[in-house]
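Chemist: Here is my input, please return the structure:
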Amino acid sequence: MNRNVEYPEIMFRDPEFLESLEGRTLRILSEYLGPMSKLERTKINSTILFLGSSKADPSNSGSLLTRYYWEAEDLAFRLAKWAIGLKPKVRGKDFVICTGSGPGIMEAANRGAARAGAKTIGMNISLPQPQPPNPYITPDLSFTFHYFFMRKFWLAYKAKAVLAFPGGFGTLDEFFEILTLIQTSKISKRELILVLYGKDYWREVLNLDALVANKAVSAADLALFSYCNSVDEAYALLTQRLEESL
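Modeler: Have a look, this model is predicted:
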């Protein structure tokens, strides 16, 4: 007797299993191996990571963050144009502009790199209120992560420089995590340039001298990062030190 047999879904395609507690390891591995494969295929050797507020609105001329939006756009444009002109010792692309994919400062940096004709990376995160990727990211270099820690890993892993523009909790979280990795020698200071962009803003928001005064950190720890207050200053610092690292 012929009967129609309904076969169950192959396990690695079974969404119920993949989204289960038991499938978590595979989900984490996917967020590690998937970006690695794509970045290797597109020959991305290294990145420059831009952090900053998602609330910076280029159309709001009355906001301080608007100034920083356009400065981030200009700096990303100049860095991307400079990077295109480099002759790397190995095949591939160095110092590709990378962001967290969202609006605000992230959009500005992707926008500047796209204006220079460069490839540019966006690493998004799935949230209860979805954050769509900004339109300036190179489509095949647009990623969305479920796990914050995997997103943070990929934001930092290929970075040779990290610029923290004025921002809020997310910017502070990412800046201090990277700063702690440098402080504890998990990342070498020689291999990563860490910059707080907008000295007046950050001096008002962060009283880091109080940490030294209370002996919570050493004075030398404040030398693990630099302040920059203009596009020209940041461009000069980064291009000089990054070119030395090639």
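
Chemist: where in the protein is pLDDT low?
Modeler: Applying pLDDT under 70 to the chain flags the ranges 1-3, 88-90.

Chemist: where do the strands sit along it?
Modeler: Under the criterion DSSP state E, strands of the chain are mapped to 47-51, 96-99, 120-125, 142-145, 159-164, 193-197, 226-228.

Chemist: Figure out which of those strands is closest to K38.
Modeler: Across the strands of the chain, K38 has its closest neighbour in strand 142-145 (7.6 Å, Cβ to Cβ). Yep, even glycine has a C-beta here, placed from its N, CA and C like the rest.

Chemist: If we ignore the residues flanking it in sequence, what's nearest N45?
Modeler: Using Cβ to Cβ, 6 or more residues apart in numbering and skipping the chain neighbours, the partner closest in space to N45 is G92 (4.2 Å).

Chemist: That neighbour contacts R41, doesn't it?
Modeler: No - counting by Cβ atoms under 8 Å, G92 stays clear of R41, with 10.9 Å between them.

Chemist: who has more neighbours, the two?
Modeler: Applying other Cβ atoms under 10 Å to G92 and R41 shows that G92 carries more neighbours, namely 14 against 9.

Chemist: What distance do you get for that one to L86?
Modeler: 11 Å (Cβ to Cβ, to the nearest Å).

Chemist: Ok, L18 next?
Modeler: Counting by Cβ to Cβ, the gap from L18 to L86 is 41 Å.

Chemist: likewise R190?
Modeler: Applying Cβ to Cβ, the value for R190 to L86 is 19 Å.

Chemist: do the same with L141
Modeler: Separation of L141 from L86 (Cβ to Cβ): 19 Å.

Chemist: any idea how far the residue nearest to M150 when sequence neighbours are not counted lies from L75?
Modeler: Spatial nearest neighbour of M150, chain neighbours left out: E31 (4.0 Å); criterion: Cβ to Cβ, 6+ apart. With distances taken as Cβ to Cβ, E31 is found 29 Å from L75.

Chemist: Kind regards, and thank you for your time.
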